[in-house]
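Chemist: Any chance you could fold what I've pasted below:
(one chain, ligands or ions: 2)
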Amino acid sequence: MLEPTGVAALGALGWSSFFSDQIGEDDVHLVPVRIANIHRARISGYSANGPVDLVLPASEAVGDYAVGDFVLAEPGDHLVRRRLERTSLLSRRMSDGSTQLSGANVDTLFIVTSCNDDFNVPRLERYLAMAAQCEIPPVLVLTKADTPQGADPFVTLASDLARDLPIVVVDPRRPEVVSKLQSWFGFGKTVALTGSSGVGKSTLVNTLSGSSADSAQLTGAVRESDSKGRHTTTARSLHVVSVGGWVLDSPGIRSVHLGEMAEGLDAVFAEISELESRCKFRNCTHSHEPACAVLKAVEDGRIDPDRFARWRKLHDENSASGAHKSSRR
Ligand SMILES: Nc1nc2c(ncn2[C@@H]2O[C@H](COP(=O)(O)OP(=O)(O)OP(=O)(O)O)[C@@H](O)[C@H]2O)c(=O)[nH]1
Ligand SMILES: [Zn+2]
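Modeler: Ligands and ions are numbered 1, 2, ... in the order given. A predicted model of the protein is given here:
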């Protein structure tokens, strides 16, 4: 049986006035639940009182919900009455053109990559475009720096990926990682992890969720449910973090396909998009036009030609995906 409880416990879940403002008179008896796990037909989450198994109305598909969503449920049978609007939504385009929701109400996206062959500039630019498109501030988290080469060459490469991108070198196995990443966590904050398999995401989740007295207090209701054991915790998609807040490790965002990313590309490739207004033609494609400010900058060496080529590839892919979408209508 669920009961509406204190605002503080809800706040720890990520609740804010953004959500409470959406509650109408008809909803006051309903209980806010944050979705923590979506498993085929089964959806579970946390209310201010602890873990809850939710029941979806027959008319609704599991795919319409994302881990991190807030829903309002009936206190008795946990039937979901409605989903609240999201502050942000991570989604990805599948190869069949459909969209998969991979995380909702996310404050920060950690793009995790290793100081080895996994570090791939075009792929990282893709992740960054996705973050910018979803308007979720990204952080680049570099793992596996304990090699002869060390992190420095990778930090140098990373610093050219996008303006103002925070870059943090960590060893996810060590407890120091918590203080290094602490500023993105805290009461009610949600961080999503993305990156290839094997870069250390699960290790990072485990270290971040390691228990401490403080966190046990802040998220008391939630920690209780973890007493079943470590394995329960790591199997969840939304994990409580020892310094407060949540980390979301969604398999859905481990690979990334672009779709409708025009604004995201503009943000990541700012040095290119900023010049566009100076091209002679308003709809300049920066490929063959005379008096193209972008081509000029590439020629002058103000824009890195390799980066320009990568921008071109993503841009064309984005246009093609837009065409694909409209042809399906
Ligand atoms: N040497 C070293 N090993 C690390 C580091 N970070 C993670 N590892 C190891 O790398 C391996 C893979 O880490 P995981 O956490 O399973 O990677 P993952 O990203 O969760 O991979 P998937 O679960 O397949 O998505 C584990 O054996 C970790 O202990 C690091 O900074 N240095
Ligand atoms: Zn141009």
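Chemist: which residues sit in contact with the closest residue to Gln149 other than its chain neighbours?
Modeler: Nearest non-adjacent residue to Gln149, counting by CB to CB, 6 or more residues apart in numbering: Cys115, 6.8 Å away. In this view, the C-beta of every residue, glycine as well, is placed from N, C-alpha and C. Going by CB atoms under 8 Å, 6 or more residues apart in numbering, Cys115 touches Leu142, Thr143, Lys144, Ala145, Thr147, Gln149, Gly150, Ala151, Phe154, Val169.
Chemist: Where does the spatially closest residue to Ala129 that is not a sequence neighbour sit: helix, strand or coil?
Modeler: Computed as CB to CB, 6+ apart, the closest residue to Ala129 that is not its neighbour in sequence is Gly264, at 3.8 Å. Secondary structure for Gly264, judged by DSSP: H, G, I helix; E, B strand; the rest coil, is helix.
Chemist: Gly188 and Gln182, how far apart?
Modeler: Separation of Gly188 from Gln182 (CB to CB, to the nearest Å): 14 Å.
Chemist: Show me which of those two is the more surrounded one.
Modeler: When neighbours are counted by other CB atoms under 10 Å, Gly188 and Gln182 differ, and Gly188 comes out ahead with 20 against 15.
Chemist: In three-state terms, label Leu181 for me.
Modeler: Secondary structure for Leu181, judged by three-state DSSP, is helix.
Chemist: contacts with ligand 1 among the contacts of Cys115, please.
Modeler: Applying CB under 6 Å from any ligand atom to those, one finds that Thr143, Lys144 fall near ligand 1.
Chemist: Out of the contacts of Cys115, flag the one nearest to Glu299.
Modeler: Distances from Glu299 to the contacts of Cys115, taken as CB to CB, are shortest for Phe154 (29.3 Å).
Chemist: Distance check, the closest one against Leu142.
Modeler: Phe154 sits 6 Å away from Leu142 when distances are taken as CB to CB.
Chemist: Over to Ser183?
Modeler: Taking CB to CB, one finds Ser183 at 17 Å from Leu142.
Chemist: Those two: who's more crowded?
Modeler: Shown here are Ser183 and Leu142; by other CB under 10 Å, Leu142 has more neighbours (21 against 13).
Chemist: does that one sit in a helix, a strand or a coil?
Modeler: From three-state DSSP, the assignment for Leu142 is strand.
Chemist: Quick check: residues of the stretch 51-200 of the chain near ligand 1?
Modeler: Residues of the stretch 51-200 of the chain lying close to ligand 1 (CB under 6 Å from any ligand atom) are Thr143, Lys144, Asp146, Asp171, Pro172, Arg173, Ser197, Gly198, Val199, Gly200.
Chemist: Between which two of these is the distance greatest?
Modeler: For these, the maximum inter-member distance is 19.5 Å, found between Asp146 and Ser197 (CB to CB).
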